[in-house]
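In: pasted the sequence and its predicted model underneath.
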Amino acid sequence: MKKASRRTAFTLVELLVVIAIIGILVGLLLPAVQAAREAARRMSCSNNIRQLGLALHNHESAYKWVPTWGKEFPMNDTYASQGNPFFAVTGDARKPFGVLGQLLPFIEGNTIFNYFDLKKPLIDPRNMPPPFPGGQVPVAATTPLPLFLCPSTPESPSDYGPYLSAGGILPSGTVYNLPRTDYVALRGLHGTLQTCVGQPNTTVHNSMLGATDQEIITNPRRKFAAVTDGLSNTICFIEIAGKQKLYFRGQAYPGTWTTTPVPAFTLNSFYGDWNTARFPRGLSGADRNNPNLAGCSVFNIFNQDNPYSFHGSGVQTVRGDASVVFLAAATDPRVFAALVTRDGGETVEQPE
């Protein structure tokens, strides 16, 4: 009697079916894996910005005040001007570390902080690494700090060479990298956003760390008591991520520093730079070739002045009481404006 033979291998059809099933499963799992990764990145980003809020409180506990967005030495400050050939040329060369740099001792950044002299401007040989002329700060001080970077943000340059070359300080084409930040203080509200909330078209300086150009010379300190709207109702830091690359609605601009009608890069990316602090605008968001076209949109439109992140649905912020709130991209401009101003007296429904 003939024995029935047993099949010991898959047929081609069976193999194709298995491959198709695996492909379908992978397709179903990938979005879930990506979502889980972004959730982890967003949580890390939230923790970073919270640490900045806590650092501000620790600074206030130590000194009984917190720094405003910037400070400027008066022209008659002999110590600040000594040995600085740029001091009298421009106001930029009379400003020291911005607020984020001043918080370094409170975020375990003492080693870097001690390289700098806060009684001198940032644009000073004493406070700049080579190849800045006479630069005395070791290059190690320019190591990027993860706390200032949101993990969801793509890599971006932070080259101050074009700025220093334009001022005749460095030769043209010199690359001069300084460590980036995705988190910034706000100076106030731009007039275009003021009109969206029923106010005159005038730029105001009354954010939690805001101050006028005169105030940063005469009184660049803020006491918590000046935040009369309440620390829990007022933003101190917010995401404006991705710089020096310029992004419009999630897409980077191609080209160079001088590409028209919109360049591919902008300055104000170094955490020690006072000019990372911005005035958010009211934006249309309708014209990629005119990204500052006025309108009443605020979030995730254009990352030059406005709240911007790569989370997709909104941005991370930390309030004056060090509590983090994720502001959805659809947040009403009136709510945002009320959270920015420190003494507006507005009554708004707080986002959770």
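Out: Right, received. Where do you want to start? Just so it is clear, the model here is predicted, and its values are computed rather than measured.

In: quick one: low-confidence residue ranges for this protein.
Out: Applying pLDDT under 70 to the chain flags the ranges 1-10, 29-35, 348-352.

In: in it, which spans are helices?
Out: For the chain, applying DSSP state H gives helices covering 12-63, 78-81, 99-102, 110-113, 161-166, 191-196, 215-218, 333-340.

In: just these: most buried one?
Out: helix 99-102 (a mean of 26; mean count of other CB atoms under 10 Å). From N, CA and C alone the C-beta is placed, and that goes for glycine too.

In: which one of the helices of the chain lies nearest to residue 70?
Out: With CB to CB as the measure, helix 215-218 is the member of the helices of the chain nearest residue 70 (4.9 Å).

In: distance from the chain centre to that closest one, please.
Out: Chain-centre distance of helix 215-218: 23 Å, with CA atoms, centre = their mean, to the nearest Å.

In: send me it as PDB with only the CA atoms.
Out: In PDB, the C-alpha atoms belonging to helix 215-218 read as follows (Å, rounded to 0.1, in the frame of the first residue of the first chain):
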ATOM      1  CA  GLU A 215      13.500 100.000  31.900                       C
ATOM      2  CA  ILE A 216      16.200  97.500  31.000                       C
ATOM      3  CA  ILE A 217      18.700 100.300  31.800                       C
ATOM      4  CA  THR A 218      17.100 101.800  34.900                       C
END
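
In: circling back to that earlier point, can you put the helices of the chain in CSV and add distance to residue 314?
Out: CSV is the format used below for the helices of the chain (distance: least, CB to CB, whole Å):
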stretch, distance to residue 314
helix 12-63, 10
helix 78-81, 41
helix 99-102, 22
helix 110-113, 31
helix 161-166, 31
helix 191-196, 17
helix 215-218, 30
helix 333-340, 11
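
In: ok, which of those helices comes nearest residue 276?
Out: The nearest among those, by CB to CB, is helix 99-102 at 7.1 Å.

In: for that closest one, packing partners?
Out: Secondary-structure packing of helix 99-102 (3 or more CB pairs under 8 Å, 6 or more residues apart in numbering; DSSP states H and E): strand 66-67.

In: who touches the strand it packs on?
Out: Contacting residues not belonging to strand 66-67 are listed as 56, 59, 60, 98, 99, 102, 209, 220, 221, 222, 223, 224 [CB atoms under 8 Å, 6 or more residues apart in numbering].

In: just checking, the last one touches residue 322?
Out: No. Here residue 224 lies out of contact with residue 322, judged by CB atoms under 8 Å, at a distance of 11.7 Å.

In: tell me the contacts of residue 107?
Out: Residue 107 sits next to 51, 52, 55, 145, 147 when contact means CB under 8 Å, 6+ apart.
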